[in-house]
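Asks: Need coordinates for the following:
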Amino acid sequence: MKPKIHPKYVNCVITCACGNKIETRSTKPKIAVEICSNCHPFFTGRQKILDTAGRVEKFRRRYRKAEQKNDSSQKTEEKK
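Replies: Down below sits the predicted model:
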């Protein structure tokens with residue numbers, strides 16, 4: 001290996017948004033993450049919907065409107 005070209009490998013603390021802290025080694029002393037194995041749905045078995053700027057609610061409102069249109073169109077067809 002060539003001398004003086006590799007970054008320093010130091011102790012690192014990874015901090016999750018849920019508050020979990022993991023100690024490891026890296027070239028950076030601190031890393032902040034949004035989701036970790038303690039709060040990720042794949043590992044915990046429970047679903048957590050992250051609503052970013054109301055997008056989930058906007059989708060649900062749109063879907064409700066589409067369902068209402070389908071229900072009303074089916075009722076008018078039954079009356080004929």
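Asks: So for the helix or strand encompassing T15, what gets flagged as buried?
Replies: Taking DSSP states H and E as the criterion, T15 maps to strand 10-16. Judged by neighbour count using 16 or more other Cβ atoms under 10 Å, the buried positions of strand 10-16 are 14, 16. All C-beta atoms are positioned from the backbone trio N, CA, C, and that covers glycine.
Asks: I'd like to know which elements the helix or strand following it is packed against.
Replies: Note on strand 10-16: by DSSP H and E, the next helix or strand toward the C-terminus is strand 21-26. On a contact count with 3 or more Cβ pairs under 8 Å, 6 or more residues apart in numbering; DSSP states H and E, strand 21-26 meets strand 10-16.
Asks: Strand partners (parallel or antiparallel) of the strand holding T15?
Replies: Under the criterion DSSP bridges, strand 10-16 sits next to strand 21-26 (antiparallel), strand 30-33 (parallel) in its sheet.
Asks: Same list (these) but as a markdown table, adding mean pLDDT.
Replies: Output for those, formatted as a markdown table (pLDDT from 0 to 100):
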| stretch | mean pLDDT |
| --- | --- |
| strand 21-26 | 94 |
| strand 30-33 | 92 |
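Asks: Out of these, which is closest to K8?
Replies: Across the strands paired with strand 10-16, K8 has its closest neighbour in strand 21-26 (10.0 Å, Cβ to Cβ).
Asks: Show me where this protein dips below the pLDDT cut-off.
Replies: For the chain, the stretches with pLDDT under 70 are 1, 41-44, 47-53, 72-80.
Asks: those helices in it, which residues are they?
Replies: Secondary structure of the chain (DSSP state H): helices at 41-44, 55-79.
Asks: follow-up on the earlier one: Throw the strands paired with strand 10-16 into TSV and include mean neighbour count, thanks.
Replies: TSV is the format used below for the strands paired with strand 10-16 (neighbours: other Cβ atoms under 10 Å):
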stretch	mean neighbour count
strand 21-26	10
strand 30-33	11
